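J.: attaching a predicted model along with its sequence, questions to come.
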Protein chains: 2
Amino acid sequence: MLTINETRFLNDLDALAQIGSTGDGGVSRPALSPQDVAGRDWFRQKVITEGFIFRQDGAGNLSAVLESDNPAAKTLLIGSHLDSVVNGGRFDGALGTLAALETLRTIRDSGRELPFHLEAISFTDEEGTLMGLMGSSALAGTLTQYELEHPRGGREALLVGMARVGINDASVLAAKRDPETTLGYMEVHIEQGTRLEESGTHIGVVTAIVGIRSRWLRINGAAAHAGTMPMDKRRDALWGAAAFVEKARALVMEHYTPGVVNVGRLSLEPGAFNIVPGVAELALEFRHGDAALLDEMEADLTAAAETCARDFGLELTITRLDDKAPAPMDAGLMAAIEGSAESLGLRHTRLMSFAGHDAQSTAQIVPSAMFFVPSVNGVSHNPAEYTIPADCVNGANVLLRAVLAVAG
Amino acid sequence: MLTINETRFLNDLDALAQIGSTGDGGVSRPALSPQDVAGRDWFRQKVITEGFIFRQDGAGNLSAVLESDNPAAKTLLIGSHLDSVVNGGRFDGALGTLAALETLRTIRDSGRELPFHLEAISFTDEEGTLMGLMGSSALAGTLTQYELEHPRGGREALLVGMARVGINDASVLAAKRDPETTLGYMEVHIEQGTRLEESGTHIGVVTAIVGIRSRWLRINGAAAHAGTMPMDKRRDALWGAAAFVEKARALVMEHYTPGVVNVGRLSLEPGAFNIVPGVAELALEFRHGDAALLDEMEADLTAAAETCARDFGLELTITRLDDKAPAPMDAGLMAAIEGSAESLGLRHTRLMSFAGHDAQSTAQIVPSAMFFVPSVNGVSHNPAEYTIPADCVNGANVLLRAVLAVAG
């Protein structure tokens, strides 16, 4: 049974972790920063040295291509991303990118002919230092000029970063890939959670990447003197906000598990010890992998917020900020991944991904799938992020065998 | 029966309201600002023109003195303050200061001899633009050098303001008045609430000025990915904070009415849509006029916060910020005020003051009392603040007659 070269693969993981090293086991390679560019240069050199075709598309996505003998063949994409959050871990993204490269090498070295071009791709700015899923959404053709002009990291930082790798708005938007020529996309990634570790499972096959909706809730009451205004006459915006936080938690845990809800920011106006809050603003985010349940969650959360506001004589305004649709993974590719895990004697389970990943972009246009390997203690986006070598190797082997399964 | 000169008194109120006028009925005379200095100049000129002794003490407190024929007589203080909050109302402080001056004029004009010196005083910075109760706490001898060096409005602003009226740290601290030479203090003020208006009462005799305690509550949980961290594993600091806000409200309304509690600021860290809050900081303030009940409130609120933190696996730290003791008013002066109201056929009631006033400073060293007249809709610290002329006149007449009652 064909398996990867473990030493070669683990050495690559170590070598890449030196680039942008934080000195305590982590890496800091924010998208299109000098450290990210150094990582990209390392990857390019590696791809060329290994004798693969190297490609950078207009969105800065980097690829190693193992061409099929059939020039009319379609392309199967496998990969992940080389960028990290600031002071992140060495496995998030790097594992999937290098497992893809190792898969190409193992198949090339085996002399086996594939009925598709196999492309190991590293997507630009998965993490969102600049935009988030920038390269994969460009490839899917869902990125817009407006989004390029209003990146969360700031337009100036985006322009500086793009200039470093020779791309611009026009080239990014032109990076759209033709779904007709693309078979699909597969990715291995660390779990960034504890479900696999706690259940002693090797491989988590993702059923869907959650949809994410974010909303601003503005609750209007009446600012008042915190001494002279009697309690029973107050229209304290925080009273409504606090009641909502409690209701939202109970509601989602009771009816929408494994869906999640978060209020990550809460600010009060005017914001003084001795003034009853007249306004409360809440940053609300909720996630679910099922589109219908996500709609139901939103309806229930909205009703809860309205009730809490009404109970205290307050007014509620909800502003829609962002809607990321759930991305169901492809059943055929999921089965290929599960079959591969079984052929390797690995325990596997199905789960939802509660974090965003490039596969949610590619799923918009081609069959896509991803799977997780365990993260020790679930730690991620932190230099302490760790996945044991055996799990890294398992991930690469499952990817390799899933590619072979697709090849038939 | 001796009563004030209504026209003269109301004209003075109108004239003073032109100084620092906001153009929409309000005034803006923050303590020791150029506008406040203009108000102080107007008052000094008025006092001198009227033939009273004018005095400014080391704390910048301004007085008109009607001396007794008995040079060994003690002094009875009556008054309030000329400063306002930024964009405040024309009655807050001004009413009590001008009612005191009108009381001096009426008694002087009547030819009546008093067994005490009668001093109409305007205290420096009652409102707290710089320090709060600055002049009255200096007079009481409770102000410290440390407080002068750490004013809430900033040391630089305090130094600039003090220079405008020729005072400094040393002179302020030397403004301490000898309680042996001082009979007491009485003040009329607008209610800044709706209790009198709603009950159709003319005069509210204050039983105590509430004690105010302020605390920082810091609730520590664990910041986490708002997608990948399951709800039942989160240690969300906001969950504890929200539960506390609800418990504190219910607790105080059920057991401590008319005491009040407020959470006026709440901040979360790290403070992002997609991160579970790891830290919540709450600005807690609570007030009661009874010292023993204030202690019980604090014990109950602390226990509630501890329970809320424990329920969600969080840690709680409470930092003591400020403790203002309740100031019970003097029974003899309260009776004098009530008798005066009755002699004028005015309905009166007893109530607590939930706002701070200079009488809480003077109460530390001499018998003190204050009473309220109605505020239309309870509005204050706002240009829309209003008290009808009849209520202003009632306030001045009750003050006059209470002074005469003390004179015997």
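T.: Nice, thanks for sending it over. It should be emphasised that the depicted structure is a prediction, and the values quoted were computed from it without experimental measurement.

J.: which residues sit in contact with the residue in the stretch 301-408 of chain A positioned nearest to chain B?
T.: Nearest residue of the stretch 301-408 of chain A to chain B: residue A:354, at 3.6 Å (Cβ to the nearest Cβ). From N, CA and C alone the C-beta is placed, and that goes for glycine too. Residues near residue A:354 by Cβ atoms under 8 Å, 6 or more residues apart in numbering or on different chains: A:193, A:210, A:258, A:260, A:287, B:225, B:227, B:228.

J.: which pLDDT value goes with it?
T.: Note on residue A:354: pLDDT of 94.

J.: quick revisit: restricted to strands, list the contacts of residue A:354.
T.: Counted as lying in strands by DSSP state E, out of those, are A:260, A:287, B:225.

J.: most neighbours among those, please name it.
T.: Neighbour counts for the ones in strands among the contacts of residue A:354 (other Cβ atoms under 10 Å in any protein chain shown) peak at residue A:287, which has 30 neighbours.

J.: distance of that one relative to residue A:301?
T.: As judged by Cβ to Cβ, to the nearest Å, residue A:287 and residue A:301 stand 12 Å apart.

J.: so what's in contact with the two at the same time?
T.: In contact with both residue A:287 and residue A:301: residue A:261, using Cβ under 8 Å, 6+ apart.

J.: phi, psi of residue A:79?
T.: In terms of degrees, to the nearest 10, the main-chain angles of residue A:79 are phi 160, psi -160.

J.: before we move on, what about the one 5 residues further on?
T.: For residue A:84, the backbone dihedrals are phi -130, psi 170 (criterion: degrees, to the nearest 10).

J.: tell me which helix or strand comes right after the helix or strand of chain A with the lowest mean pLDDT.
T.: Using mean pLDDT, DSSP states H and E, strand A:224-225 stands out as the lowest-scoring helix or strand of chain A, at a mean of 87. Using DSSP states H and E, the helix or strand that follows strand A:224-225 towards the C-terminus is helix A:237-255.

J.: model confidence over that next one, on average?
T.: On average, helix A:237-255 scores 98.

J.: for that helix, buried residues please.
T.: A:237-249, A:251-253 (16 or more other Cβ atoms under 10 Å in any protein chain shown).

J.: could you look up the SS state of residue A:157?
T.: helix (DSSP: H, G, I helix; E, B strand; the rest coil).

J.: for it, give its distance to chain B.
T.: In this view, residue A:157 and chain B are 17 Å apart by Cβ to the nearest Cβ, to the nearest Å.

J.: which non-adjacent residue is nearest that residue?
T.: Spatially, and ignoring its direct neighbours in sequence, residue A:157 is nearest to residue A:130 (6.2 Å; Cβ to Cβ, 6 or more residues apart in numbering or on different chains).

J.: what does residue A:393 give?
T.: The nearest residue in space to residue A:393 (Cβ to Cβ, 6+ apart) is residue A:6, at 5.1 Å.

J.: likewise for residue A:324?
T.: residue A:212 (4.3 Å).

J.: where does pLDDT dip in the stretch 251-400 of chain A?
T.: By pLDDT under 70, the stretch 251-400 of chain A contains no weakly predicted segment.

J.: and it, which residues reach chain B?
T.: By the rule Cβ under 8 Å from any Cβ of the partner chain, the part of the stretch 251-400 of chain A lying against chain B is A:252-253, A:257-258, A:260-268, A:271-277, A:283-285, A:287, A:321, A:354-356, A:378, A:380-381.

J.: select only the buried ones of these in ChimeraX?
T.: Buried subset of those, written as a ChimeraX selection, criterion 16+ other Cβ under 10 Å:
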select /A:252,253,258,260,261,262,263,264,265,266,267,268,271,272,273,274,275,276,277,283,284,285,287,354,355,356,378,380,381
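
J.: mind listing which of the residues of the stretch 251-400 of chain A next to chain B are in strands?
T.: Secondary structure from DSSP E places A:260-268, A:275-276, A:283-285, A:287, A:321 of these in strands.

J.: appreciated, that's everything.
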